[in-house]
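Participant: A predicted structure for the sequence below; I have some questions about it.
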Amino acid sequence: MATKKEIFWYIDRIEADTSLSPNSSTGVIALVEKSTNAVTRNGYSTEYTSISEAGTNNLRIYYIGQDSDLAVGTLTGKYTNIPDQFHEVIVSKVIANGYKDPRNMEFNNAQFFDQEYNLGVKEAKKFARSDFKTVGSIRPQDF
Amino acid sequence: MTLKEMIELVQLHHPHMGETEVVKLINRAKDDFCNRTEIVKTTATMNTVANQRYYHLDKAILKVKSVWLDSIRIPRLIGKPIIDDTDSGEF
């Protein structure tokens, strides 16, 4: 019978990833496995050691994140992880920011498009929470 | 909506803005939208190395919901181990 390994994860810190260009800070995930008195130092001991498992694409992380940036010049590109109905909300934010630009400053328009954006964000939050489920209530009915 | 359609909508209001500037602003607005709504829920895969504890996450990751190793869901550790058996310690 195969030995059952107890493996755990935790988020350790935020650190600059030097493999990225330009370097940017990313989260660091730690993977440890449990074994009895595995590490002892200065009289202290812990059951957790670094994982012994090696593999290709064997670690899968389910996360909340950001969609990839669109590249300048790729005009047919689109955000693939954000549902289509919310793309216009993003445009509202850009228009609002444009009206805050000294070249084209108009506070009323900026305020209007900011409001449009905030309403869109509210709808999107509701949509994200729903996980594509619809909810409703059953009302009693007299016949 | 494609990038072209987005640029055209923005330039209707701001014809003085160039394409590069609009794309940068669109990407920045997208980041803010994703941070505030948490609408993008997806997965990433990584390789593991024997005796390596720490792995950099993709910069697109905002919150880790669950982790699977060799198709088995692994639990989150509450707290952190008191001894780090690697060279790269905590700061």
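Facilitator: That came in fine, so what should we check first?
Participant: show me how chain A divides into domains.
Facilitator: A:7-50, A:84-130 (automatic domain parsing).
Participant: partner strands of the top strand by length along chain A, parallel or antiparallel?
Facilitator: Assignment by DSSP state E gives strand A:24-41 as the longest strand of chain A. Strand A:24-41 pairs in its sheet with strand A:7-17 (antiparallel), strand A:44-50 (antiparallel), strand B:54-56 (antiparallel), by DSSP bridges.
Participant: any chance of these in TSV, plus mean pLDDT and mean neighbour count?
Facilitator: Backbone N, C-alpha and C define where each C-beta goes, glycine included. Converted to TSV, the strands paired with strand A:24-41 look like this (pLDDT from 0 to 100; neighbours: other C-beta atoms under 10 Å in any protein chain shown):
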stretch	mean pLDDT	mean neighbour count
strand A:7-17	83	17
strand A:44-50	86	17
strand B:54-56	90	18
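Participant: quick one: least confident helix or strand in chain B?
Facilitator: Least confident element among the helices and strands of chain B, by mean pLDDT, DSSP states H and E: strand B:54-56 (a mean of 90).
Participant: shaky segments in the chain?
Facilitator: Using chain A. A:1-2, A:20-22, A:37, A:132 (pLDDT under 70).
Participant: looking at chain B here, not the other one
Facilitator: B:86-91.
Participant: in chain A, which residue is closest to the centre?
Facilitator: Nearest residue to the geometric centre of chain A (C-alpha atoms, centre = their mean): A:Gly65, 1.5 Å.
Participant: which residues touch it?
Facilitator: Applying C-beta atoms under 8 Å, 6 or more residues apart in numbering or on different chains to A:Gly65 gives the contacts B:34, B:40, B:42, B:58, B:60-63.
Participant: report the contact partners of the closest residue to A:Asn57 other than its chain neighbours.
Facilitator: The shortest distance from A:Asn57 to any non-neighbouring residue, by C-beta to C-beta, 6 or more residues apart in numbering or on different chains, is to B:Thr45 (4.2 Å). Contacts for B:Thr45 (C-beta under 8 Å, 6+ apart) come out as A:57-61.
Participant: so which residues of chain B form helices?
Facilitator: B:3-13, B:19-37 (DSSP state H).
Participant: need those in a markdown table with distance to chain A, can you?
Facilitator: Below are the helices of chain B laid out as a markdown table (distance: least, C-beta to the nearest C-beta, whole Å):
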| stretch | distance to chain A |
| --- | --- |
| helix B:3-13 | 4 |
| helix B:19-37 | 4 |
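Participant: would you list the ones you listed in TSV and tack on mean neighbour count?
Facilitator: What follows is the helices of chain B, written out as TSV (neighbours: other C-beta atoms under 10 Å in any protein chain shown):
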stretch	mean neighbour count
helix B:3-13	18
helix B:19-37	19
